[in-house]
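> with the sequence up front, the predicted model follows.
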Amino acid sequence: MYKIPRILPAGDKAVVVEYGNEISEECNKKVLNLYNALMKRDITGIVSMIPTYRSLLIKYEPLRITVDNLAALIAKCDTSTSVEEFKPKIIEIPVAYGGDFGPDLDYVAKYHDMTPEEVIKIHTESAYRIYMLGFTMGFAYLGGMSEKIATPRLEKPRTEIPAGSVGIAGSQTGIYPIASPGGWRLIGKTPVKLYDPYREKPILLEAGNYIKFVRITPDEFYEIERQVSTCAYEVKIYDYNV
């Protein structure tokens, strides 16, 4: 990680604040602390910000704030001891594993000489950090999956994967928020909508928070799905304590 963040131009209306060239929780925390500090200041001229694994993209209006003034604000926020750190939450994601919900669970188990139950146990043990969102609306790039269940992608991707599908690709696990093509190994499915354009907050997940997968039965899946369809289901969210 860099001792001093690099501020790089990204066209004439944006800059990238880069904290390092590696993927690490420490680097990502720096990104999110800066994002949090700038959001709270509500600075005139900043249009939007996008946090990533190791950098923050800041879009701005050059006629309302100069790049030099923006750089000074970034430096002030980055070195300030009074800046409140981003306080992460845990979002519980209920998942039905195997069968039609996760057609590749048996493959993942056989690949590692495990039982499906062992794969599920490992997958539900950890809290997964949301490093960034991208790819499609609400897709979270997660960190923290055990290498014990890391599995190669499909050689031939599926043309359509249902929304809510939970998969593994290499050392990553993730959830498809919308129906889309994809090559991840599907091990389960959640009835919770990660993206809903009709919701007040369309995207459920946020960078810096954590996901905890919770195993449910098929009957529980369909009951939660029914509650989600009537807006009666409340996702469990609580403070993350290390």
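Perfect, thanks for sending it. Numbers count the residues shown, from 1 in each chain.

> what does stretch 114-130 contact?
25, 28, 88, 90, 95, 97-98, 105-106, 108-109, 112, 140-146, 148-149, 173, 187-188, 205-215, 240 (CB atoms under 8 Å, 6 or more residues apart in numbering). The C-beta positions use only the backbone N, C-alpha and C, and glycine is treated the same way.

> so which residue is dead centre in the chain?
Per CA atoms, centre = their mean, the C-alpha nearest to the average position across the chain is that of Ala140, at 2.7 Å.

> okay, and which of the contacts of stretch 114-130 map to helices?
Among those, the members falling in helices are Glu25, Asn28, Leu105, Asp106, Val108, Ala109 (criterion: DSSP state H).

> nearest to Phe221, of these?
Taking CB to CB as the measure, Phe221 lies nearest Leu105 of the ones in helices among the contacts of stretch 114-130, at 14.5 Å.

> now do the contacts for the closest one.
Contacts for Leu105 (CB under 8 Å, 6+ apart) come out as Tyr97, Gly98, Gly99, Pro116, Val119, Ile120, Leu186, Ile187, Gly188.

> wait, doesn't Leu8 sit right on Tyr19?
No. Between Leu8 and Tyr19 there is no contact under CB atoms under 8 Å: 11.6 Å.

> more neighbours: those two, which one.
Between Leu8 and Tyr19, Tyr19 has the larger neighbour count (other CB atoms under 10 Å), namely 24 against 12.

> got a list of what that one touches?
Met1, Tyr2, Pro5, Cys27, Lys30, Val31, Arg54, Ser55.

> from Val228, how far off is it?
Going from Tyr19 to Val228 by CB to CB, to the nearest Å gives 37 Å.

> swap in Val192?
On the measure of CB to CB, Val192 and Val228 end up 6 Å apart.

> between those two, which one's more packed in?
Neighbour count, other CB under 10 Å: between Val192 and Val228, Val192 has more, with 21 against 17.

> mind listing the helices for the protein?
With DSSP H as the criterion, the chain has helices spanning 25-41, 67-79, 105-111, 116-125, 218-229.

> so which of those is nearest Gly182?
Closest among these, using CB to CB: helix 105-111, at 15.3 Å.

> distance between that closest one and the chain's centre?
25 Å (CA atoms, centre = their mean, to the nearest Å).

> mind listing what's buried along stretch 168-188?
For stretch 168-188, a neighbour-count test (16 or more other CB atoms under 10 Å) marks 168-169, 172-178, 180, 182, 184-188 as buried.

> same question for stretch 46-61.
Within stretch 46-61, the residues scored as buried using 16+ other CB under 10 Å are Ile46, Met49, Ile50, Pro51, Thr52, Tyr53, Arg54, Ser55, Leu56, Leu57, Ile58, Tyr60.
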